[in-house]
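Asks: How does the following fold in three dimensions:
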Amino acid sequence: MKTVNELIKDINSLTSHLHEKDFLLTWEQTPDELKQVLDVAAALKALRAENISTKVFNSGLGISVFRDNSTRTRFSYASALNLLGLAQQDLDEGKSQIAHGETVRETANMISFCADAIGIRDDMYLGAGNAYMREVGAALDDGYKQGVLPQRPALVNLQCDIDHPTQSMADLAWLREHFGSLENLKGKKIAMTWAYSPSYGKPLSVPQGIIGLMTRFGMDVTLAHPEGYDLIPDVVEVAKNNAKASGGS
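Replies: Numbers count the residues shown, from 1 in each chain. Prediction:
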């Protein structure tokens, strides 16, 4: 396991533009950006283990918008904000002016006056969740460009209809730690399998997140599901192209 100083050196050696864009799909991030996220996470984990402060904000707000139920991601996001020095505030659309007809553009810009980061979960309907996140992002871009916003908060996908990047990145972080490096993942086998759930319909974003990310690191990924439980064809194609480029399958 690398020391914090070694991780910081690695972070500084990588080229990324994470501070200039949102984190909505893992396959929109460059290899250096993915590695940088993993290195930062490892450094924060090491600092906290030594009881060294990880706060990079003296104050500020991180906003969460959960348009579907959540337990693990909700608490993980709140914990991450606290770790960095931000307070967490949940936007309940039913108790906001959205319920009175306020537009996405109006709401997004209003809450962004107070926010350094906005996390959104919208995974209920295919073709809607990721599109909503991009609509919010476009509204923030316009608000910042027009001088309405003094800063443009980062958007983080807390699960949409296409991808669940925070979960798949957490899975990748554990695999890297367990096997020693990303390079050691090459040739390792991982199975993403369907499983029965008595509760409710599960989003496609979890298996799609796994096949869309792990194939970038040369892993041999097997997707198993009953007939009729197909994933989004475009994401399957992304995974195939990733595997071809990385030497995986």
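Asks: Sort out which residues of the worst-scoring helix or strand of the chain on mean pLDDT are buried, please.
Replies: Using mean pLDDT, DSSP states H and E, helix 104-112 stands out as the lowest-scoring helix or strand of the chain, at a mean of 83. Buried positions in helix 104-112, judged by neighbour count with 16 or more other Cβ atoms under 10 Å: 107-112. In short, each C-beta sits where N, CA and C put it, glycine included.
Asks: Specify which member of these is nearest to residue 149.
Replies: Distance to residue 149 across the buried residues of helix 104-112 (Cβ to Cβ) is lowest for residue 112, with 5.4 Å.
Asks: Next up, the contacts around the closest residue to residue 204 other than its chain neighbours.
Replies: Distance criterion Cβ to Cβ, 6 or more residues apart in numbering; nearest residue to residue 204, sequence neighbours excluded, is residue 231 at 5.4 Å. Shown in contact with residue 231 (Cβ atoms under 8 Å, 6 or more residues apart in numbering): 204, 207-208, 211, 223, 225.
Asks: Just send the buried residues of helix 104-112 back as JSON lines, with distance to residue 177 too.
Replies: Listed next are the buried residues of helix 104-112 as JSON lines, based on distance: Cβ to Cβ, whole Å:
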{"residue": "107", "distance to residue 177": "39"}
{"residue": "108", "distance to residue 177": "36"}
{"residue": "109", "distance to residue 177": "39"}
{"residue": "110", "distance to residue 177": "40"}
{"residue": "111", "distance to residue 177": "35"}
{"residue": "112", "distance to residue 177": "34"}
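Asks: longest helix in the protein, by residue count?
Replies: helix 31-49 (DSSP state H).
Asks: All set now, cheers.
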